[in-house]
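# Pasting the sequence and the predicted coordinates here, then a few questions.
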Amino acid sequence: MSSAKGRFIAFEGGEGAGKSTQARLLAEALRARGLTVVTTREPGGTPGAEAIRNLLLAPPGEAGWTPEAEALLFAAARADHVAHLIRPALDRGEWVICDRFVDSSRAYQGGAGGLGDEAILALHGLGSDGLRPDRVILLEGDEAALAGRLAARGAETDAIEGRPADYHRAVAAAFRAIAAADPSGFARIDGIGAPEEVHARIIAALADLLP
Ligand code: TYD
């Protein structure tokens with residue numbers, strides 16, 4: 001049982017930014033330093049939140065969710081995830097690495113979706129007591145490079161990923177604005193380059209938090 005403090009790191013960015021790969025490399029690096037690390041993702045991470053994920057990414061019925069219902073579902077999934085997985089792990093002194101967290105809701109639903117930041121933060125206050133990561137790694141890259149990665153990945157698109165380019169441009173702009181407003185909370189990382197190069201940038205950006 002270690003007495004070290006657990007830290008909460010979230011990865012954010014648009015589609016194709018390399019969040020999952022970098023979350024995995026960071027977890028491996030932290031484990032190699034002897035830390036206990038929980039890796040998780042949103043929407044999802046617990047059975048309840050994974051069930052909500054399915055509703056969000058493949059909406060039942062043709063009408064789809066209204067922007068408000070979508071934001072509430074993301075907040076509900078997050079509330080379950082925080083209560084049943086993230087907070088208990090942090091309380092045990094473990095590190096938590098999460099692929100997307102509330103700043104995705106701020107950028108997608110609040111920014112691109114037009115609901116505004118205040119509404120998203122209010123839902124997060126109610127659902128998750130406003131929990132913030134110790135640091136958010138925002139992976140950035142130019143639109144053409146990210147589109148190329150997605151095409152190469154060739155995976156099926158879900159209901160949100162499949163939205164028009166303008167929507168995704170608005171997401172990227174919202175992420176930039178959110179990060180600019182909280183320079184110590186965010187590390188903006190150039191996500192273009194070999195995975196090991198990007199990983200080294202991330203380790204450097206977390207140096208002050210590492211034991
Ligand atoms: P996922 O398959 O996890 O996408 P990615 O691999 O790009 O992270 O699907 C998550 C989708 O949900 C993605 O398009 C971003 C979107 N999303 C929101 O719109 N709001 C949120 O709060 C979260 C967590 C995700």
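Structure's in. What do you need? Numbering: from 1, shown residues only.

# Which residues of this structure lie near the ligand?
Within reach of the ligand by C-beta under 6 Å from any ligand atom, the chain has these residues: 15, 19, 41-43, 57, 74, 100, 104-105, 108-109, 158, 160-161. Quick note: C-beta positions are derived from backbone N, CA and C, even for glycine.

# hmm, try it at 5 Å
Listed as neighbours of the ligand in the chain under the rule C-beta under 5 Å from any ligand atom: E15, E42, P43, F74, R100, S104, S105, Y108, I160, E161.

# is it true that the fifth one touches G45?
Spelled out, it's R100. No. In this structure, R100 is not within contact of G45 by C-beta atoms under 8 Å, at 9.9 Å.

# Next up, the contacts around G13.
Contacts of G13 were listed using C-beta atoms under 8 Å, 6 or more residues apart in numbering, and they are K19, L138, L139, E140, G141, F175, G191.

# buried sites along the lowest-mean-pLDDT helix or strand in the chain?
Across the helices and strands of the chain, the lowest-confidence element by mean pLDDT, DSSP states H and E is helix 143-153, at a mean of 77. Buried residues in helix 143-153, counted by 16 or more other C-beta atoms under 10 Å: L146, A147, L150.

# which residue is nearest the middle of this protein?
R100 (1.1 Å; C-alpha atoms, centre = their mean).

# returning to what we had before: just the buried ones from the residues of the chain next to the ligand?
When these are checked against 16+ other C-beta under 10 Å, the ones flagged as buried are E15, E42, P43, F74, R100, S104, S105, Y108, I160.

# what about the strands in this structure?
In the chain, the segments counted as strands under DSSP state E are 8-12, 37-41, 95-99, 135-140, 186-190.

# Contacts for the second one, please.
Contacts made with strand 37-41 from outside it, assessed by C-beta under 8 Å, 6+ apart, are listed as 20, 23-24, 27, 30-31, 81, 85-86, 89, 94-100.
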